[in-house]
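Asker: Okay, sequence plus prediction incoming.
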Amino acid sequence: YPPPRSTLGWTASLLVELGRQLLHRSGAVTRGHSRDELDQQMLVEAAMATHHFAEQRYYGFEPLPMIVASLRAVNLGESARVAVPIATPYAMLGMTAGISKLPALGQRYFELARSAAVRTSDDAGMAYSLYSKAAWRIGGGAWTEVYALCDECAAIARRTRNLKALGMAQTLIGHAAFYTGQFRESARIYRELEETARSTGDLQHLSWGLYAGARARLCLGELEESRAMLLESNALLEPLVEVPSKIIAPGLLASVHLRSGDLQAAL
């Protein structure tokens, strides 16, 4: 099951995988025919490999391969007709549908993600599903739901010692606090994220803790502390493949310069 190797190939594959998924969701395809054990094992392995490929493309900020690979992972996993831990690609599709203004479809994929995680005892997939849904719901200002999703995610993360998922839950709660005007609370949450990331060596979460914390402090008028945090964050982001943060953090630093009256540095 080799992946496409060009943009044209990914585009063609998108149409194919969308068609297959529509047939699966509609129930038009009968998946009851028998498969031998080797065939099932190959489908499961292909589904998981494709899922990890989708994750890689997510962090590389390549939306087309990410969506196609998620669809393919789901299609392969569903075709195996055995329990396959594909909660994460379901959640990726849910988040994609949600932010594409298709809320009913997004909700359905998050339901499938939760069901797959429960069926396969996939704690990491469940945590991912929860914080992915929270990230989508933040965009709609669904604060009560966001806090509930993050609390559930954090509980799973602490039980399974999944520091990545715990950091994601912290990040999203900090966003919710910021967007509801709780700037001091947001700054506190991101300070905790920053301190944890320093102790674990997680450069991505450290950069988030610094620039999101600086964003809250900027609103509190703490310009010098914000400047120092953003300079450190920008330096950390330099070697990382993290396109959104590489846009956000310099923009925040420009805002600090502007509020300090240094128009040339802001430009």
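Answerer: Done, it's in.

Asker: Check what pLDDT His33 gets.
Answerer: For His33, the model assigns a pLDDT of 54.

Asker: which residues of the stretch 51-200 of the chain fall in helices?
Answerer: 63-80, 87-99, 103-119, 123-138, 143-160, 163-179, 183-200 (DSSP state H, counting those that start in this stretch).

Asker: okay if I get those helices as JSON lines plus mean pLDDT, distance to Arg20 and mean neighbour count?
Answerer: In this view, the C-beta of every residue, glycine as well, is placed from N, C-alpha and C. Below are those laid out as JSON lines (pLDDT from 0 to 100; distance: least, Cβ to Cβ, whole Å; neighbours: other Cβ atoms under 10 Å):
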{"stretch": "helix 63-80", "mean pLDDT": "91", "distance to Arg20": "5", "mean neighbour count": "23"}
{"stretch": "helix 87-99", "mean pLDDT": "93", "distance to Arg20": "13", "mean neighbour count": "26"}
{"stretch": "helix 103-119", "mean pLDDT": "95", "distance to Arg20": "15", "mean neighbour count": "18"}
{"stretch": "helix 123-138", "mean pLDDT": "96", "distance to Arg20": "21", "mean neighbour count": "24"}
{"stretch": "helix 143-160", "mean pLDDT": "97", "distance to Arg20": "30", "mean neighbour count": "18"}
{"stretch": "helix 163-179", "mean pLDDT": "96", "distance to Arg20": "30", "mean neighbour count": "22"}
{"stretch": "helix 183-200", "mean pLDDT": "96", "distance to Arg20": "40", "mean neighbour count": "18"}
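
Asker: Adding distance to Leu15, write those helices out as CSV.
Answerer: Output for those, formatted as CSV (distance: least, Cβ to Cβ, whole Å):
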stretch, distance to Leu15
helix 63-80, 9
helix 87-99, 16
helix 103-119, 17
helix 123-138, 25
helix 143-160, 33
helix 163-179, 32
helix 183-200, 40
